[in-house]
Structure formats: C-alpha cells, structure tokens
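J.: The following comprises the amino acid sequence and a computationally predicted model.
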Amino acid sequence: MTQPIAIPRGAPTQDDLKKLGIRYKKNHRLLKAEDSEVRLPLFFEFSGSPKTGKSSIIGIVAHFLKRQGVRVVQPAEGASLRTPQPLKDDLLAFNAWSGCYALQNILIDSFSECPTDVVLLDRGLFDVAAWMDYLHRHERRITEEERDVAEQFFAIDLWQRRTNAVFLFTSDYATSLERETDSKLTSVPGSVMNAETLSLLQDAYDQTRSRRNREFNRVFHIDTSFFSDGTHPTFQMIAYVVAEKMVDIIEELATQELLVTRNVAFDGFETSPNIIEETKARILQNGSPEFVPREQAEESDKYQQVVPYAVLRNADGRYFMARRRADLKRKELQKKLTILVGGHAEKKDWNSATPEAVFETCLRRELEEELCGIRIDEIRPLGFVHDPHTRVGALHLAFVHEVTVGGKVIVRRQAIDKEFGREPVTWVTKDDIKNKMDELDPWSQLVASKLLDLELPPSGDLFRQG
C-alpha cells in the first residue's frame, strides 16, 4: 500500500524534536529488551529518481538516530559511490549491479552475529524493480518477460520482506534539474538528468508501485517538489517527517499486541478437526479478534495467549529437536528439549493476512525469525494444547502444526542468544524422541505422545486424564 506524505512548510520546532527523541529512546529500549521478539536489524529503503533529496535525508536521519543511541548502518549508495565506471555506459548492467549491491548489504546485515539496530539503504530492491520497468517500457532494452524475471528475483520473499518500509522520493523534473545545476558550472543535460528521462523515470516508479504493491506493501511517497510560490520544503522538515514515520513503525514492532482468547476449559491436546475449527472461529470472533498489550496479557488470568507452534519434519521423516538455554526466565523450560518452534500471534500477523490465514502467517514469521536455511513445503494443523497445571501453561493456548520442511535448518544467532542453547540442532527419529521423553518440555511431551503414539513419561502424569 502506498501512502502519500505531505511535507509542511518551515522547520520542526525544538519541542517537536525533543518529543521525537523521547519516542525513539523509549521504543529503542523495548526493541533491545530481553523478551523482545523483533528480528534486527530493521531495514528502511530510500528510493527515487536523482536529485529528489533522498541521500541528504539519509544523512540527516542517521545523524539524529545515532544521537538517540540507535545503532545505524548507512551503506554507501552503490549507484553513485561504488559502481565501476564502465558499467555506467549500460543502464541494464548498471542497475543490475546496483540491485545486487543492495541485496548484498541486506544479506550481510541480516545474518550478522551482532546485528545493528537500523539499516538505511540508499536505493534498494524496490528501486531496482522500478529501473527494470523503465528499461522495458521506455528504453526497450529488455522484454516484459525479462523484466518480470529480474523483478521476481529481487522481490523473493526471503529477502524482500526484510525491508520494513520504502520511502519513495520524487519531484517534478524542473525541481530536480534546478537542484542539479544549482551548484554546478554547467546546465548541459546528462544521460539521466534531463527532462524527458526524469519524467519517464517518474512513470516507472508509479507503475512499479501499482504492479508490485503486494511485495512492497508499505511505501511512503514523498514529493519534494518546490511549492507553487517557488519556495521549497526544507530538508530538515522532510527528515523530521521521515523519522516520525520510522518511529511509528518501530513502535508498532516493539509494542507487542497479542492475540488472546477467554479461558478455554480444556486440559491436554485436542486433535478433533471440528473442535479445532470451532475454537479458531471463536478466537477470531467473526473478524473482530481481541488483542491486548503483552504486559497486560502476562498479568491477567482472564486471557489465554494464542501461540501457533510447529513440529518440523524433514524429507527423511526425522523431527527437529533443540535444547533450551539453562538461564531462561521460565525455570520449568531451562535446559529442556523441545520439538516445538513458534511464538505469539500478534496484531501485525492479523494486519498482514486474511482471517483464515492468520495462524499460518504467524507461524511462517516465527520460523523465519528463529531459523535460517529453511524451506516450508507443507503446513498441516494437528491440534491445540492447553496445560493448566503451571502458570505459564495456564496463560497460553498453543495451536500445533506439523510442518514439512526442506533445506539445512540452522538456529539463528539471535534465537540462540534468547532461547536456545549452543548444542547443534538435531534431526531425530521417533525412537530418539521416545528415549528422550523425560527431557522434553511439557508441551512437547503432550504433542509427541499424540503425534507419535508414545507413552507419556512419569513427569507427564498430570496430562493422563487430558
């Protein structure tokens, strides 16, 4: 979805800047909290045609963030500072190289062992998609099929969804050309900096926003053209508006609103398809589910937090197993083995999915946040678990799915730091799980007993009547 942003005249007041700084510091603390489930870094792409102000705005925003204690990376723009000169003679090679440079930065920062907080990309994956459209429709350099193949590569979900928002900067060609020549000794047009090309580029950005609105679903359009009286929006005000939108997104990510339900009077692992669907329908309340802040959900006995989980099975029929850290806050889980991976369903899952897909959307997000090298082939609902015998169990309702996966699954460093120990991930057989039943956490015991028809260990006696 594209959202146009109007830039007010003048500059932000000192009071405006002070309030913005306070918001950043507050939400930065939430991002870095021990129980935060936000995957870092957050990526913000600054896209748009030349001389619209995006590089200058990146510098101003980065300076502000650093002063608030936010760790920021701003890779040099590949298109201008790092591109080998001979590539600039061929716009296809030039923009393919720039797109690969942006993707390289996304991958490096995404898989860093000690990730930064925020990455500001000067031209990213949306930008290269727009240029491919320009090269097809206006330069006739590539076919429609070639354009689509290139765009699909750069929009692959595995890396495209790492971008939290795109800020698309545009201006009318007269404004761009005036900015170009303002501090130069010549007004001779360039290969891109001319009225015709700038107008066609604007059209390419518009077309890309329309065609690729599913992949790039949060695009903020900022027109930096001069006002009708010849004055222009200040870069300080533009940067302030951008920083406001960024902190809105950070606040949304850092402040978890959990999907909850009123208490389910059930003990054990329910696998009846009819009851599962009835329970889901009751939770979703005809499209009006209940969400509450995490702190409220953790403190109140009247809610159960909805938690989609996965039992991972690979092509060899083996099951994922990992050991939790020894220093977890929840003592009943310390050093326990688990065959379950997942986490809380949140409002952001609801906002990004159809009602019937919200559980699967949450599950895919959680698997991506905790594991890498994974390919999801099939998701099959198994049932839901409720364990009223512990405080933690009473507050949660876990919907369990069997997920068939491919690839070499590895636990992400951030998940190791927060949840799992450093023992390597293992893929185990039914007999291996049977021999380790005493070491499994309570939910894993319940699921293994039903899914694999295994006997509950003595520690699972509380569930025998469930």
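T.: Received, thanks.
J.: alpha carbons only for contacts and neighbour counts from here, please
T.: Fine.
J.: Number of residues surrounding residue 17?
T.: Residue 17 has 14 neighbours, counted by other CA atoms under 10 Å.
J.: for the closest residue in space to residue 407 that isn't next to it in sequence, what are its contacts?
T.: In space, residue 407 comes closest to residue 374 once its chain neighbours are excluded; the distance is 5.1 Å by CA to CA, 6 or more residues apart in numbering. By CA atoms under 8 Å, 6 or more residues apart in numbering, residue 374 lies in contact with 368, 405-410.
J.: and the residue lying closest to residue 65 once chain neighbours are set aside, backbone torsions?
T.: In space, and not counting its chain neighbours, residue 65 is closest to residue 72: 7.1 Å by CA to CA, 6+ apart. The phi/psi pair for residue 72 (degrees, to the nearest 10) reads phi -120, psi 140.
J.: Could you give the bridge partners of residue 72?
T.: residue 118 (DSSP bridges).
J.: That one: neighbour count?
T.: 18.
J.: same thing with the one 3 residues further on?
T.: When neighbours are counted by other CA under 10 Å, residue 75 registers 15.
J.: Next one: the residue nearest to residue 65 from residue 162, what distance?
T.: 16 Å (CA to CA, to the nearest Å).
J.: pull the CA atoms of stretch 395-402 into PDB?
T.: Extracted C-alpha coordinates of stretch 395-402, given in PDB (Å, rounded to 0.1, in the frame of the first residue of the first chain):
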ATOM      1  CA  LEU A 395      -1.800 -18.400  30.200                       C
ATOM      2  CA  HIS A 396      -1.300 -19.900  26.800                       C
ATOM      3  CA  LEU A 397      -3.200 -21.800  24.200                       C
ATOM      4  CA  ALA A 398      -0.900 -23.400  21.700                       C
ATOM      5  CA  PHE A 399      -2.000 -24.400  18.200                       C
ATOM      6  CA  VAL A 400       0.300 -27.100  16.900                       C
ATOM      7  CA  HIS A 401       1.100 -27.800  13.200                       C
ATOM      8  CA  GLU A 402       3.200 -30.400  11.500                       C
END
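J.: That stretch: how far from the chain's middle?
T.: In terms of CA atoms, centre = their mean, to the nearest Å, the centre of stretch 395-402 is found 22 Å from the chain centre.
J.: Show me the helices in the stretch 301-450 of the chain, by range?
T.: Ranges of helices in the stretch 301-450 of the chain, per DSSP state H, counting those that start in this stretch, are 347-351, 358-370, 391-394, 413-418, 430-435, 442-451.
J.: JSON lines for the ones you listed, including mean neighbour count, mean pLDDT and distance to residue 284?
T.: Listed next are the helices of the stretch 301-450 of the chain as JSON lines, based on neighbours: other CA atoms under 10 Å; pLDDT from 0 to 100; distance: least, CA to CA, whole Å:
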{"stretch": "helix 347-351", "mean neighbour count": "18", "mean pLDDT": "89", "distance to residue 284": "10"}
{"stretch": "helix 358-370", "mean neighbour count": "21", "mean pLDDT": "91", "distance to residue 284": "9"}
{"stretch": "helix 391-394", "mean neighbour count": "15", "mean pLDDT": "82", "distance to residue 284": "20"}
{"stretch": "helix 413-418", "mean neighbour count": "17", "mean pLDDT": "66", "distance to residue 284": "29"}
{"stretch": "helix 430-435", "mean neighbour count": "15", "mean pLDDT": "94", "distance to residue 284": "34"}
{"stretch": "helix 442-451", "mean neighbour count": "21", "mean pLDDT": "90", "distance to residue 284": "23"}
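J.: of these, which approaches residue 341 most closely?
T.: With CA to CA as the criterion, residue 341 lies closest to helix 358-370 of the helices of the stretch 301-450 of the chain, at 6.9 Å.
J.: Can you select the buried ones from the contacts of residue 374 in ChimeraX?
T.: To isolate the buried subset of those in ChimeraX, counting by 16 or more other CA atoms under 10 Å, use the following:
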select :368,405,406,409
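J.: Closest to residue 7 out of the contacts of residue 374?
T.: Using CA to CA, residue 368 is the member of the contacts of residue 374 that lies nearest residue 7, at 36.1 Å.
J.: give me the number of residues near residue 98?
T.: Neighbour count of residue 98, defined by other CA under 10 Å: 23.
J.: what's the helix or strand that it is a member of in contact with?
T.: Following DSSP states H and E, one finds residue 98 within helix 91-110. For helix 91-110, the external contacting residues (CA under 8 Å, 6+ apart) are 40-41, 43, 75, 78-79, 83, 87-88, 115-116, 119, 121, 123-125, 127-128, 131-132, 135, 141, 154, 159, 162.
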